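Visitor: Sequence and predicted structure, then a few things I'm wondering about:
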Amino acid sequence: QVQLVESGGGLVQPGGSLRLSCAASGFTFSSYSMSWDRQAPGKERDLVAGISPLGSSTTYANSVKGRFTISRDNYKNTVSLQMSSLKPEDTSVYYCAAKRGYRDGSSQDFWGQGTQVTVSS
């Protein structure tokens, strides 16, 4: 059974740092792109950062470039998001996701349960 379990969320002051981790199981981790997405109350879920299956390429939302770093360990089946210089507008529920597209146009996504990040003084 597929599981994505996030950890590391919490309350942090503006300018502070947090590291989110996601432990994956139940699927071939190295065949999936991984991402961190976030959703604030009343807003849509948006991509924060993504990393390719073998970790060779990454992508970031403009709002987090230079502040967040995504990484993965295909031996441990984990993906992490290092967040620094946090701002109040980074406050959201952060979700770990595994995504895979197929040649026939279909896709398969798995999602974690989310972890709350609150940036406030």
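Guide: On my side now, so go ahead. All figures in this text were calculated on a predicted structure; none of them were measured in a lab.
Visitor: For the rest of this, base every contact and every neighbour count on C-alpha atoms.
Guide: Fine.
Visitor: where does residue 88 fall, phi/psi-wise?
Guide: Here is the backbone geometry of residue 88 (degrees, to the nearest 10): phi -50, psi -30.
Visitor: what's the answer for the one 4 residues further on, then?
Guide: Backbone torsions for residue 92, taken as degrees, to the nearest 10, come to phi -170, psi 170.
Visitor: pretty sure it is touching residue 42, no?
Guide: No. With contacts defined as CA atoms under 8 Å, residue 92 does not count as touching residue 42, sitting 10.6 Å away.
Visitor: Compare neighbour counts for the two and give me the winner.
Guide: Each of residue 92 and residue 42 had its neighbours counted (other CA atoms under 10 Å), and the higher figure belongs to residue 92 (21 against 6).
Visitor: mind listing what the more buried one touches?
Guide: Residue 92 makes contact with 38, 39, 40, 41, 116, 117, 118 under the criterion CA atoms under 8 Å, 6 or more residues apart in numbering.
Visitor: OK, contacts around the closest residue to it other than its chain neighbours?
Guide: Spatial nearest neighbour of residue 92, chain neighbours left out: residue 40 (4.5 Å); criterion: CA to CA, 6 or more residues apart in numbering. Taking CA under 8 Å, 6+ apart as the definition of contact, the neighbours of residue 40 are 91, 92, 93.
Visitor: Please pull out the lowest mean pLDDT helix or strand from this structure.
Guide: Least confident helix or strand, the chain: strand 107-111 with a mean of 93, by mean pLDDT, DSSP states H and E.
Visitor: Can you list phi and psi of the residue located most distally from the centre of the chain for me?
Guide: Here the chain has its C-alpha centre computed as a mean, and the residue farthest from that point, by CA atoms, centre = their mean, is residue 104 with 26.2 Å. Torsion angles at residue 104 (phi, psi; degrees, to the nearest 10) stand at phi -80, psi 10.
Visitor: Per-residue pLDDT of it, please?
Guide: Confidence per residue is given as pLDDT, and for residue 104 that number is 91.
Visitor: ditto for residue 101
Guide: At residue 101 the predicted local distance difference test score is 87.
Visitor: Specify the beta-bridge partners of it.
Guide: Counting by DSSP bridges, residue 101 is bridged to residue 107.
Visitor: Which stretches in the chain count as strands?
Guide: With DSSP state E, the ranges of strands along the chain come out as 3-7, 10-12, 18-25, 33-39, 46-51, 58-60, 68-73, 78-83, 92-101, 107-111, 115-119.
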